[in-house]
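Undergrad: got a predicted structure here, sequence first:
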Amino acid sequence: AQTVTQSQPEMSVQEAETVTLSCTYDTSESDYYLFWYKQPPSRQMILVIRQEAYKQQNATENRFSVNFQKAAKSFSLKISDSQLGDAAMYFCAYRNYGGATNKLIFGTGTLLAVQP
Amino acid sequence: DVKVTQSSRYLVKRTGEKVFLECVQDMDHENMFWYRQDPGLGLRLIYFSYDVKMKEKGDIPEGYSVSREKKERFSLILESASTNQTSMYLCASSFSPDSSGNTIYFGEGSWLTVV
């Protein structure tokens, strides 16, 4: 069975600085997707970024980028120029490629605080 | 915009009560999911459905059942609520996956307290 591990329960960053959130996963599959979701205090889960395992290039969305190391099964999220609105719980998630459904497997989350 | 609506944000129920959590999506998604979120445990899948009247158990189905009579609606049922079911419940939906990996959309969550 696939598992996702986030070893940092809490992180803190100064406004305008850069922070990296860690995620490792375990799977025997070669094709899959990895995601970072953000859950602000309002509780609405929002997709931040997505990475396809077959792509070697790391995904980037504005200030958010990932470092995807397939051999090491590592998928970290880097937030550049941190803003107060980035404060939230961040979840790393995994999904198998293909199949009838696309259920996500989540890590335990990292609570990010942004200090002004 | 995709909208996944959970009818109740906050509920307080008594032990032994039957509880219904309702979820409606407006994007004609085939797949719908119920997750439970607890501190330190992340999100755990309770049940999911890939079509009307179809359902499959997730990782923690014990004590729960689901109903999907219409494509847009997916209900989570606690037949006899217990205090260990006090939690945040998140509904989600998506199209059936294709090679591009469809996005899963979440509702705002339902806080359930069982006393």
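TA: Sure, I can see it. Residues are numbered from 1 along each chain as shown, chains lettered A, B, ... in the order given.
Undergrad: show me which residues of chain B are close to chain A?
TA: Contact residues (CB under 8 Å from any CB of the partner chain) of chain B with chain A: B:31, B:33, B:35, B:40-45, B:48, B:50, B:56, B:58, B:88, B:90, B:92, B:94, B:96-97, B:99, B:101-104, B:106-109. Any C-beta I mention is one placed from the backbone N, CA and C, and that applies to glycine too.
Undergrad: grab the most central residue of chain B for me.
TA: Nearest residue to the geometric centre of chain B (CA atoms, centre = their mean): residue B:34, 2.5 Å.
Undergrad: I'd like the distance between that residue and residue A:80.
TA: 35 Å (CB to CB, to the nearest Å).
Undergrad: now do residue B:14
TA: Following CB to CB, the distance that separates residue B:14 from residue A:80 is 49 Å.
Undergrad: looking at those two, which is more packed in?
TA: Higher neighbour count among residue B:14 and residue A:80: residue A:80, with 14 against 9, using other CB atoms under 10 Å in any protein chain shown.
Undergrad: was I right to think the more buried one contacts residue A:18?
TA: Yes. Counting by CB atoms under 8 Å, residue A:18 is a contact partner of residue A:80 at 4.9 Å.
Undergrad: chain center to stretch A:105-116, what's the gap?
TA: Mean-position distance between stretch A:105-116 and its chain equals 9 Å (CA atoms, centre = their mean, to the nearest Å).
Undergrad: hang on, the earlier thing: narrow the residues of chain B next to chain A to those in strands?
TA: In this view, the residues of chain B next to chain A that belong to strands under DSSP state E are B:31, B:33, B:35, B:42-45, B:48, B:56, B:88, B:90, B:92, B:94, B:106.
Undergrad: out of those, which is most surrounded?
TA: Neighbour-wise, these (other CB under 10 Å) top out at residue B:35, 29 neighbours.
Undergrad: which one is residue A:39 nearest to, not counting chain neighbours?
TA: Leaving aside its sequence neighbours, residue A:39 sits nearest to residue A:89 (CB to CB, 6 or more residues apart in numbering or on different chains; 4.4 Å).
Undergrad: thinking the one you found is in contact with residue A:107, fair?
TA: No. The criterion here is CB under 8 Å, and residue A:89 misses it with residue A:107 at 10.6 Å.
Undergrad: helix, strand or coil: sort out residue B:80 for me.
TA: Under DSSP: H, G, I helix; E, B strand; the rest coil, residue B:80 falls in the coil class.
Undergrad: with adjacent residues omitted, what lies nearest to it?
TA: Here the residue nearest residue B:80, using CB to CB, 6+ apart, is residue B:16, at 5.3 Å.
Undergrad: how close does the one you found sit to chain A?
TA: Distance from residue B:16 to chain A, counting by CB to the nearest CB, to the nearest Å: 27 Å.
Undergrad: what's the pLDDT at that residue?
TA: Predicted confidence (pLDDT) for residue B:16: 97.
Undergrad: try residue B:2
TA: Looking at residue B:2, the pLDDT reads 68.
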